[in-house]
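S.K.: Here is a sequence with its predicted model. Questions after.
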Amino acid sequence: MALSENEPDPFASIASEDGRIIFAEILEPGEGASAADDYERRITPDTLKEWYSSEKMHRHVVKILGWQGRKKGYKSLQIDPNDEDFRAATDVLHKRLAGSAFAFLLKYLGNEAIEDVIILFVGFGPLATGFVKEAVEKAEAAQQAQEQTEPPKPDNGAKPDGE
Amino acid sequence: MASERDGQRFYVPGHPGQGKTNLLQVLTMNMPRLIVIDPKHSWRMKRKTLGLYIASDLADFLKVLKEAWNSDGNFRIVFEPEADEEEAQGSDIGKLFINLHRRYLENPAMEKTCIAIDEAAEVLPNPVSKKYRGLLQCCSMGREIGIDVFGGTQYPVDVSKKFQRYADRALILPVGGAAADVVSNLAAGDRRVLDAVDQLQPHHYISLNRLTGQFEQKNPVQLIPND
């Protein structure tokens, strides 16, 4: 049986040139033939999109946010799976991730990585927000206390010794 | 969990004249899908007996492989790399088969491919250049993508340490001298294995399962005559 039956010809983008095999499909626009030398370069945005589709990411994000929302009592995290705006936003995020170095990290970490990232954001988000809010409040309180203990500043042009 | 469809890695060290090439030929003689990387051109003398096609350049190799792949899917091809290009061309073949086998797990009809390297010190030297890691990738991914890799050598100390680590089985023919350290590493220092290797008669070999530590002494395999 032909191994490539019902599948695209796996040799279509492979050729030999100057005693080397050239893997045309893995070359990014603008890259030279030497790009094929490194196996890791096969992991292209297309590979990543195939491995972790936009639909899959949307499902995961909605599911995890909903779960975290129910657990922590955040109604705002209950996303309607049919919300087109949120879907579009997820698509944009997916495209950005697939083209970034972060995508390579996700690829190596596995399927659960994106869920972990969301859980971390949801878990650490309120903590970070609370900390920043508390720090700002403390700084403001300290400034107010300092202003109350300091003598009033002289008006412009007036001399403190009354000269 | 290991299955018969998993790719395996065999390391076959032995001194010159101990029968490494013959052992590799016997082990692979019934494999329907075989690629041999043969820098020494030592397989061409048995090409008829073993049903091999000899390819001396990559263009010819690709042409024959493509035809076979698109017909019955079986091929037994010996590739003789150019001098000083063994590592680069071997790496290309590794990358090629990673590509060809990437749907292996999804396609139960796809059979394993065996890549036999008959002088691993030339094709997988120590260390392997970062640019030429195709065959090492085959070794690290081979279990999941159904690629067996056999590496035979008469210069065990000059073979990639990574390849030696990847090998889950070692078939050790009589060796000695500097190769003693290599054998010790393969056997994880097991004194019984080292003693068994020291006492090997010519052409006998030790079959060592590095995952379980089990080993046994084997008699010489049948000698395959030249055409």
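M.R.: Good, I have the coordinates. Residues are numbered from 1 along each chain as shown, chains lettered A, B, ... in the order given.
S.K.: Can you give me every residue that contacts the residue lying closest to B:V78 once chain neighbours are set aside?
M.R.: Distance criterion CB to CB, 6 or more residues apart in numbering or on different chains; nearest residue to B:V78, sequence neighbours excluded, is B:V36 at 4.3 Å. For every residue, glycine as well, the C-beta is placed using N, CA and C. By CB atoms under 8 Å, 6 or more residues apart in numbering or on different chains, B:V36 lies in contact with B:24, B:28, B:43, B:52, B:77-79, B:115-118.
S.K.: Closest one to chain A out of these, please.
M.R.: B:F79 (11.0 Å; CB to the nearest CB).
S.K.: Next, count neighbours for that closest one.
M.R.: 26 (other CB atoms under 10 Å in any protein chain shown).
S.K.: My read is that it contacts B:Q89, right?
M.R.: Yes: between B:F79 and B:Q89 there is a contact under CB atoms under 8 Å: 7.4 Å.
S.K.: what is in contact with those two at once?
M.R.: Joint contacts of B:F79 and B:Q89 (CB under 8 Å, 6+ apart) are B:37, B:58.
S.K.: quick one: contacts of the helix or strand bottoming out on mean pLDDT in chain B?
M.R.: Every helix and strand of chain B was ranked by mean pLDDT, DSSP states H and E. The lowest is helix B:134-145, at a mean of 86. With CB under 8 Å, 6+ apart as the test, helix B:134-145 has contacts from A:39, B:2, B:6-9, B:90-98, B:101-102, B:104-105, B:115, B:117, B:123-124, B:128, B:147-149, B:160, B:162-163, B:166.
S.K.: List the buried residues for that helix?
M.R.: B:134-143, B:145 (16 or more other CB atoms under 10 Å in any protein chain shown).
S.K.: next structured bit after it?
M.R.: strand B:147-153 (DSSP states H and E).
S.K.: so who does A:F11 touch?
M.R.: A:4, B:62, B:66, B:69-70.
S.K.: Out of those residues, which two sit at the greatest distance?
M.R.: Spatial extent of the contacts of A:F11 (CB to CB) is set by the pair A:S4 and B:L62 at 14.2 Å.
S.K.: To which secondary structure element type does B:I117 belong?
M.R.: strand (DSSP: H, G, I helix; E, B strand; the rest coil).
S.K.: so it touches B:D148, yeah?
M.R.: No: using CB under 8 Å as the test, B:I117 is too far from B:D148 to be in contact (11.2 Å).
S.K.: Looking at these two, which one has more neighbours?
M.R.: Using other CB under 10 Å as the criterion, B:I117 and B:D148 rank with B:I117 on top: 28 against 23.
S.K.: For beta bridges, what are the partners of that one?
M.R.: B:I37, B:G151 (DSSP bridges).
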